[in-house]
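In: next one to model:
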Amino acid sequence: MTDWLAEHACRLERLTAGGRCQDLAPFGAALAEVRIVGLGEATHGTREFFQLKHRIVEFLVMEAGFTTLALEASESAARAVDGYIQGRDGDLAELIGRLGFWTWHTEEMLALLAWMRTHNQSAAPGRRVRFVGIDPQRSGASVAYVTDFLRRVAPAEAAVTQSALAPLSTARPGSRPDPEQALRASAERLLGLLTDRQAEFAAQAGAAETEAAIDHARVLVRSADLVTLPFDARLFTARDRYLADAVSAVVDGAEAAGPADSSEEKVVVWAHNGHVSRGHYMPGVPALGHHLHERYGDAYYSLGMLFGAGAFRARRGGNMRRPAVPHRISRLGAGSLEAELAQAVPGDHLVDLRAARTAPAEVRDWLGKQHLHRSFGANVPRFTYRLHHAPIVPAQDYDGLAYIDTSTCSRPLP
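Out: Next up is the predicted model:
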């Protein structure tokens, strides 16, 4: 196994974007028939994961014709970020803050989005890039849009809608369990109103704005569903299905059309390893990547990202209001997946696991067995996070793996 990894690994010359990309050429060749690349991360607070993803996004845009970055962030708020990328004025740091997750409010994310805007300034129309959010939570921008729209076309409905759906601006998934799902019923009523009177409203406000209002209403239905589901497997199952549906909407052309032909749309999905995995986010909960693999087969490529040692940012304990702080961690011992990767190929590298389909039986057997690896979410236990590890079956869960030897903390924006 060590010999196979050493032979097939793509050693990374650097993690930062810009400059030559010859070291990524083998990885690019493995993506020849791929339309969706899922870029994972073992932590949300590792600077090097952001940097490598930035570099891969640049490579896929410039060399492979990818046109959309889909982020695990608010569907509603992402529209303003995309407007900035398309050339509108705005404060990019403020727009990133509206995405609803501390994880993305970083210098590294700002650098990537600024590059996307710069790229669009000189790119041909069919090669311009766009940015979408795929998470229906934190839907304040959608509430504001439909309320403003109704004030113009159906004033009597505006105040009722704003009052009924205001909780969706800030409420977290699972925070308002309701078997009757009254909040979702209000969102569905709004969607029904807009679709039933679409022609009437389009005559007053224009077809494009009416279609946008309907799209925002669909987001609010999904958001209300997450808010009112109990905080258990049903919630997590629904969320990853919604994440996948949002990606499919872009790939299949149901999302608001970008400059490129939807039949040629190629999408980079940015989320945690647990979401981009082809397996399960947690027991009994199919991951975003599981849905995409079922729908698109080998046209979906899942790249998990692991690290050896160092530090990362996360919230400590279960309090969602605490700021993210540094957490230090040493290397896992022999037998862990990270240790095997580091032993075979010291330093930062990528390895395409699809190449193992024709590898010796011993290699395929090893990749098909369960191993342990590290995986941290936005919050970690106060004292026991160093002991945390999770099972992984490399050949089942991912199409490729990236290994970063040393993790440092992502850098928050002011």
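
In: what about the helices in the stretch 1-150 of the chain?
Out: Here the stretch 1-150 of the chain has its helices, by DSSP state H, counting those that start in this stretch, at 2-8, 25-30, 47-64, 75-85, 92-97, 107-122, 140-153.

In: which of those has the highest mean neighbour count?
Out: Neighbour counts (mean count of other C-beta atoms under 10 Å) averaged over each of those peak at helix 75-85, with a mean of 23. (Glycine included, C-beta is placed from N, CA and C.)

In: what packs against that helix?
Out: Other elements packing on helix 75-85 under the criterion 3 or more C-beta pairs under 8 Å, 6 or more residues apart in numbering; DSSP states H and E are helix 92-97, helix 107-122, strand 130-135, helix 140-153, helix 207-228.

In: what's the angle from it to helix 140-153?
Out: 90 degrees (axes from the mean of the first three to the mean of the last three C-alpha atoms, to 10 degrees).

In: list the contacts of helix 75-85.
Out: Helix 75-85 is touched from outside by 71, 90, 92, 95-96, 98-100, 113, 116-117, 120, 129-136, 138-143, 145, 216, 219, 246, with contacts defined as C-beta atoms under 8 Å, 6 or more residues apart in numbering.

In: that helix versus helix 107-122: what angle between them?
Out: Counting by the same axes, to 10 degrees, helix 75-85 points 50 degrees away from the direction of helix 107-122.

In: could you number the chain from 875 rather than 1 from now on?
Out: That works, and once the first residue is 875, the last one we named lands at helix 949-959.

In: and V1125, how far from Q896?
Out: Distance, V1125 to Q896, by C-beta to C-beta, to the nearest Å: 29 Å.

In: picking up where we left off before, okay if I get the helices and strands packed on helix 949-959 as CSV plus mean pLDDT and distance to A1061?
Out: Output for the helices and strands packed on helix 949-959, formatted as CSV (pLDDT from 0 to 100; distance: least, C-beta to C-beta, whole Å):
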stretch, mean pLDDT, distance to A1061
helix 966-971, 98, 25
helix 981-996, 98, 29
strand 1004-1009, 98, 16
helix 1014-1027, 97, 10
helix 1081-1102, 97, 4
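
In: between those, which gets nearest to E1054?
Out: helix 1081-1102 (8.4 Å; C-beta to C-beta).

In: pLDDT value on H1262, please?
Out: The model reports H1262 with a pLDDT of 86.

In: count of residues packed around it?
Out: 12 (other C-beta atoms under 10 Å).

In: from T917, how far off is it?
Out: In this structure, H1262 and T917 are 11 Å apart, going by C-beta to C-beta.

In: now for those two: what residues contact both?
Out: F1250.

In: hmm, back to that, so between V1125 and Q896, which is more surrounded?
Out: V1125 (23 against 8).

In: looks like the more buried one contacts R909 (just checking).
Out: Yes - with contact defined as C-beta atoms under 8 Å, V1125 counts as touching R909 (6.3 Å).

In: so for these two, which residues contact both of them?
Out: 1139, 1141, 1170.

In: wait, the last one sits on I910?
Out: What that stands for is Y1170. Yes - counting by C-beta under 8 Å, Y1170 touches I910, with 6.2 Å between them.

In: show me which of those two is the more surrounded one.
Out: Ranked by neighbour count (other C-beta under 10 Å), Y1170 and I910 place I910 first, with 27 against 17.

In: quick one, what contacts that one?
Out: 1121, 1125, 1140-1143, 1166, 1170, 1173-1175.

In: quick check on those: which are buried?
Out: Listed as buried from the contacts of I910 are 1121, 1125, 1140-1143, 1166, 1170, 1174-1175; burial here means 16 or more other C-beta atoms under 10 Å.

In: which parts of the chain are strands?
Out: 883-885, 910-913, 942-948, 1004-1009, 1141-1144, 1154-1156, 1159-1160, 1174-1190, 1199-1203, 1223-1226, 1245-1247, 1253-1254, 1264-1266, 1274-1281 (DSSP state E).
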